[in-house]
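1. give me a 3D structure for the following:
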Amino acid sequence: MSQYRRRLAILVTMGVLGTLIAGCTSEPDAAPPTDSSGEPSSTDGGSPGPDGVPGQPGTPPPSGSSEQSITFDGYERTYRLYRPEGLAETEPVPLVVMLHGLLGSGKQAESWYGWNAVADREGFVVAYPDSRNRAWAVTEDCCGASARDGVDDVGFVAALVESLGQRLSLDPDRLYLAGVSNGGMLAYRLACDTAIFAAVTAVATTMLGDCPAPEPISLLHVHGTADETIPYGGGPGRRDGASRGRLPDKTDGPAVPDLVQRWQRIDECAAARTTVDGTVTTSAADCPAGRAVTLITIDGAGHQWPGSEMGPAGRLLGLDAPATELDATTTSWRFFTAHPKLS
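-> Residues are numbered from 1 along each chain as shown. As a prediction, the model looks like this:
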């Protein structure tokens with residue numbers, strides 16, 4: 001039996017494969033709810049409270065980890081939310097939105113990347129949105145069924161932040177965004193198309209599509225030189241065109257240093273300062289209004305979130321092991337706290 005077949009058999013036994021296949025299907029989501037006229041309903045049903053009933057704007061979500069949803073574009077869009085115990089209900093707090101990668105989910109991101117522990121220590125809220133069909137729509141060429149169906153994921157994330165702002169006391173100057181792989185592509189898309197967030201972390205990813213006139217924003221990009229899925233040197237990765245035309249999957253982006261330098265020009269930054277610590281090279285540029293654009297390169301690291309706890313499904317599928325030289329979550333939080341929006 002080949003190594004692939006052995007992994008397949010183990011995943012079936014664990015019940016993991018069914019979940020992944022369901023997420024990768026090219027079938028669209030169920031039809032959106034309709035009103036009495038038969039037209040799609042655009043009513044925002046709010047987010048479910050601890051009893052599972054959709055909450056109303058202004059109703060705080062429960063403490064701890066919970067499953068939540070909003071209605072956007074006529075579809076129920078789900079997300080995980082983590083609110084530390086004892087977090088003040090009236091004092092404005094930061095928000096981090098964490099975007100999972102291709103085939104991932106909010107629950108997977110919450111489990112793997114360690115944001116909840118940092119939130120407990122530092123006092124902020126974390127949202128883990130779910131894509132539709134396990135892929136984020138970034139351009140018409142990427143990615144998956146969501147791109148094929150024209151899903152508005154930029155609008156969904158914007159609506160999610162607005163909804164949370166109606167239920168929690170959020171600091172509008174400390175709204176932050178992080179994304180990995182396909183989620184990092186959406187993070188770049190949000191940086192291009194909105195001015196919601198003060199700072200963004202993009203890990204093992206690239207920027208796709210036009211970005212003609214973005215607002216300046218603080219940016220941290222983390223990438224490994226051995227990433228074969230989103231190559232550090234740019235160009236198509238090993239999964240580019242893997243669906244053989246069945247679904248949009250074009251991920252041909254620029255070289256990572258060129259991409260980061262473009263954002264340094266957008267932010268009108270000073271010359272970058274470079275430091276080397278073992279296999280980790282940091283190139284940091286200070287920019288006006290307290291912003292910064294930083295590239296962290298990890299020599300020999302693959303396609304992963306450094307410092308994460310990869311689950312058994314990831315190991316059995318042979319995904320790249322997370323680098324141990326850097327904790328991307330703690331590093332991201334330090335970058336975020338140093339770069340709020342300044343009035």
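
2. these two touch, right, residue 247 and residue 144?
-> Yes - Residue 247 is within contact range of residue 144, at 5.1 Å (criterion: C-beta atoms under 8 Å). In short, each C-beta sits where N, CA and C put it, glycine included.

3. more neighbours: these two, which one.
-> For residue 247 and residue 144, the more surrounded residue by other C-beta atoms under 10 Å is residue 144, and the numbers stand at 27 against 19.

4. dihedrals phi and psi, the residue nearest to the more buried one when sequence neighbours are not counted?
-> Residue nearest to residue 144 in three dimensions, not counting chain neighbours: residue 135, with 3.1 Å by C-beta to C-beta, 6 or more residues apart in numbering. Listed backbone geometry of residue 135 is phi -150, psi 140, with angles given as degrees, to the nearest 10.

5. residue contacts, residue 135?
-> With contact taken as C-beta atoms under 8 Å, 6 or more residues apart in numbering, residue 135 is in contact with 102-103, 143-147, 182.

6. dump these to TSV, plus distance to residue 94.
-> Shown next, in TSV, are those (distance: C-beta to C-beta, whole Å):
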residue	distance to residue 94
102	27
103	29
143	29
144	31
145	33
146	28
147	31
182	24
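
7. and the furthest pair within the residues you listed?
-> Spatial extent of the contacts of residue 135 (C-beta to C-beta) is set by the pair 103 and 147 at 14.5 Å.

8. before we move on, the earlier item: take the contacts of residue 135 and keep only those in strands.
-> Judged by DSSP state E, strands contain none of the contacts of residue 135.

9. what is residue 79 paired to in the beta sheet?
-> Counting by DSSP bridges, residue 79 forms beta bridges with residue 68, residue 129.

10. does it touch residue 66 like I think?
-> No - under the contact definition of C-beta under 8 Å, residue 79 does not touch residue 66, with a separation of 9.6 Å.

11. OK, contacts around residue 230?
-> Taking C-beta under 8 Å, 6+ apart as the test, what residue 230 contacts is 181, 204-206, 223, 237, 251, 253, 303.

12. residue 127 too?
-> For residue 127, the contact set (C-beta under 8 Å, 6+ apart) comprises 79-82, 95-98, 160-161, 164.
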